[in-house]
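Visitor: With the input below, show me the fold.
(one chain, ligands or ions: 1)
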Amino acid sequence: MGSNEGKELPVIVRVLDATASEAARTSAVCAKLSHACTDPILYTESSSCLQDLADKTTDILIIDLETIGGDEALEAYAVRCPKAVIIAVSAKGSVSRAVSAMRAGAHDFLTKPFSLDALASKISFQLKQRRPVQPVAPAAPQSVQPVVSMPELSAPPLRAAHIRTESSGTNRLVGTSAQMRDIHDQIGRMAPSQAPVFITGESGTGKELCAAAVHELSERRSNRFVTLNCAAIPRDLIESEIFGYVRGAFTGAADNRAGAAEQADGGTLFLDEIGEMDLLLQSKLLRFLQTGTFQRLGDTHTRKVDARIICATNRNPVQEISAGRFREDLYYRLHVLPIHMPPLRERRDDILPLAETFLERYSAEERRGFRGFDADAEARIISYPWPGNVRQLENTIRQIVVMNDGAAVTYDMLPLIIRDQSSRPGTLIDLSRERSRVAPPSRPFGTIEPLWAQERRIIEDALDAFDGNIAMAAAALEISPSTIYRKRQSWTARSM
Ligand SMILES: Nc1ncnc2c1ncn2[C@@H]1O[C@H](COP(=O)(O)OP(=O)(O)OP(=O)(O)O)[C@@H](O)[C@H]1O
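Guide: Now for the predicted structure:
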């Protein structure tokens, strides 16, 4: 159901199950979906499935946990198809198994044997969640086109797993605070220019939305806005994701493929979390910015594209330069038109309009009757510090809407973390720090928990505290969600 310039594309379904007859039976679910499907692709072993997930578009992945060696292994599949609906199936169903499969990236879980109707209804529900919501009314001047919380499905054929293109909508940034009015003004002035835009700000402040707004208001809007999240892609794949590759460039490069730079020709290339890019690739990017030319990996042919670059980071770029992690010459090349997205706590006037926007959006989506907040809830929402910024506010309102119903959101409906100052995220993290501080001052070498394991424990504690919600956990830890994804990938790699 991916909408490609208004057209509905058939969904692409992949099924991985070591038992061929099971895979075939499962794939019959396509006949029960209200979306048109392409012929489902069946796999009986993991490696070819993993390869295709990395290289090709996937809308729905139905995956047997026994075939991949358990729920822990699921994450390696989920990171390769971040936009797909993933349904985990297993003959060994239990609540804890379902929970851990969903933490590892599944959207839903079914115990074998399951009925195709049950599977179809789970898939349809997830597809519905991802359907772009149409604007309700051309209401207030700053009114926004509702944002799809999950990316759209079914990419154009050339799109890589980590690359997202969008072509719809106008400026969707809600906010009438003085700071946001200033940002709207800056966006309006910067949009017509061809110069690079450099967006800074804490995680969840709306940097990606801001980049999209620059594109939407530019003459490039009829071409693609291509997002590449440098933190979500394994480092050794970033170059091929940006510049593409030719057949045979590396093991598994079965076809020629255009990278994000080529896909953004005539449009905008948004490099999110550019601070995560390694130094070697930074020098290649610099060359690309200086000349507009590049070569696909393994190619001798030089290509030229015209893509406007917008990049974003939640790190302090000047500190990154001093620490030797960011090339100064690249910084000056990119840092032409800077925009800083202030944290939500510094623009409190935006909190209520944002909360109301999300309440309206999610009430419509979840078919609830909420029309506003009562006085106590409103006061708490406005006074809460929102360390995870707009993303945390959005997730909180969504959670409230899913878990409750009524005409008004009341104080009691607010999650404990918001209601109770003493259980603020900072306190949570401090507690885990306290735990490590009470360790005896000198312990024999080998009894010290390695840093990565401590980090893992802290991150997993935070995930537990937020029922596995990565965005909320990241907000509480004051790191970006992609850092959590990356760390989890590295733990999986350690255990392989
Ligand atoms: N001003 C805004 N109006 C409406 N929605 C917003 C606004 N700012 C952020 N959001 C929503 O909050 C969420 C996070 O926004 P976005 O991804 O743009 O933040 P970010 O700064 O790029 O985060 P990160 O650094 O973690 O990538 C998104 O769902 C986005 O739609």
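Visitor: and D420, how many neighbours does it have?
Guide: 11 (other CB atoms under 10 Å). Any C-beta I mention is one placed from the backbone N, CA and C, and that applies to glycine too.
Visitor: I meant to write D349 there.
Guide: Residues lying near D349 (other CB under 10 Å) number 14.
Visitor: Would you mind giving the secondary structure of it?
Guide: Using DSSP: H, G, I helix; E, B strand; the rest coil, the structure places D349 in helix.
Visitor: Helix, strand or coil: sort out D39 for me.
Guide: Classification of D39 by three-state DSSP places it in coil.
Visitor: do you know how far it is from A24?
Guide: Counting by CB to CB, to the nearest Å, the separation of D39 from A24 is 12 Å.
Visitor: go on, D420?
Guide: To A24, D420 is 52 Å away according to CB to CB.
Visitor: of D39 and A24, who's got more company?
Guide: Comparing D39 with A24 by other CB under 10 Å, the one with more neighbours is A24, at 13 against 10.
Visitor: hang on, isn't that one packed against I41?
Guide: No. With contact defined as CB atoms under 8 Å, A24 does not reach I41; the gap is 11.7 Å.
Visitor: so what's E346 up against?
Guide: Contacts for E346 (CB atoms under 8 Å, 6 or more residues apart in numbering) come out as Q179.
Visitor: going forward can the numbers begin at 433, since that is how I track them
Guide: OK, 433 is where the count begins now, so the last one is E778.
Visitor: Get me the contact residues on this protein for the ligand.
Guide: Contacts of the chain with the ligand, taken as CB under 6 Å from any ligand atom, map to 576, 579, 604-607, 633, 635-641, 704, 744, 746, 786, 822-823, 826, 912-913.
Visitor: Mind checking which of those land in helices?
Guide: Mapping these onto helices (DSSP state H) picks out K639, E640, L641, L786, V822, R823, E826, P913.
Visitor: For those, work out which two are farthest apart.
Guide: Longest distance between any two of those is 18.7 Å, between L786 and P913; criterion CB to CB.
Visitor: Give me the neighbour count for the residue of the chain found nearest the ligand.
Guide: For the chain, the residue closest to the ligand is G638, as judged by CB to the nearest ligand atom, at 2.6 Å. The tally of other residues near G638 (other CB under 10 Å) stands at 25.
Visitor: ditto for the one 10 residues further on
Guide: Here the count is done by other CB under 10 Å, and E648 has 21 residues near it.
Visitor: for the one 4 residues further on, same thing?
Guide: Here the number of neighbours of R652 (other CB under 10 Å) works out to 21.
Visitor: what's the closest non-adjacent residue to it?
Guide: In this structure, R652 finds its nearest non-sequential neighbour in G699, 4.9 Å apart by CB to CB, 6 or more residues apart in numbering.
Visitor: cool, H772 as well?
Guide: Closest residue in space to H772, ignoring its immediate chain neighbours: T632 at 5.1 Å, by CB to CB, 6+ apart.
Visitor: returning to that earlier point: got TSV for the ones in helices among the residues of the chain next to the ligand, with pLDDT too?
Guide: Below are those laid out as TSV (pLDDT from 0 to 100):
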residue	pLDDT
K639	95
E640	94
L641	94
L786	96
V822	95
R823	93
E826	94
P913	76
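Visitor: Kindly reformat those as TSV containing neighbour count.
Guide: Below are those laid out as TSV (neighbours: other CB atoms under 10 Å):
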residue	neighbour count
K639	24
E640	20
L641	18
L786	24
V822	25
R823	21
E826	21
P913	22
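Visitor: and which of these is nearest to I814?
Guide: I814 has its nearest neighbour among these in L786, at 10.8 Å by CB to CB.
Visitor: Against A807, how distant is that closest one?
Guide: 18 Å.
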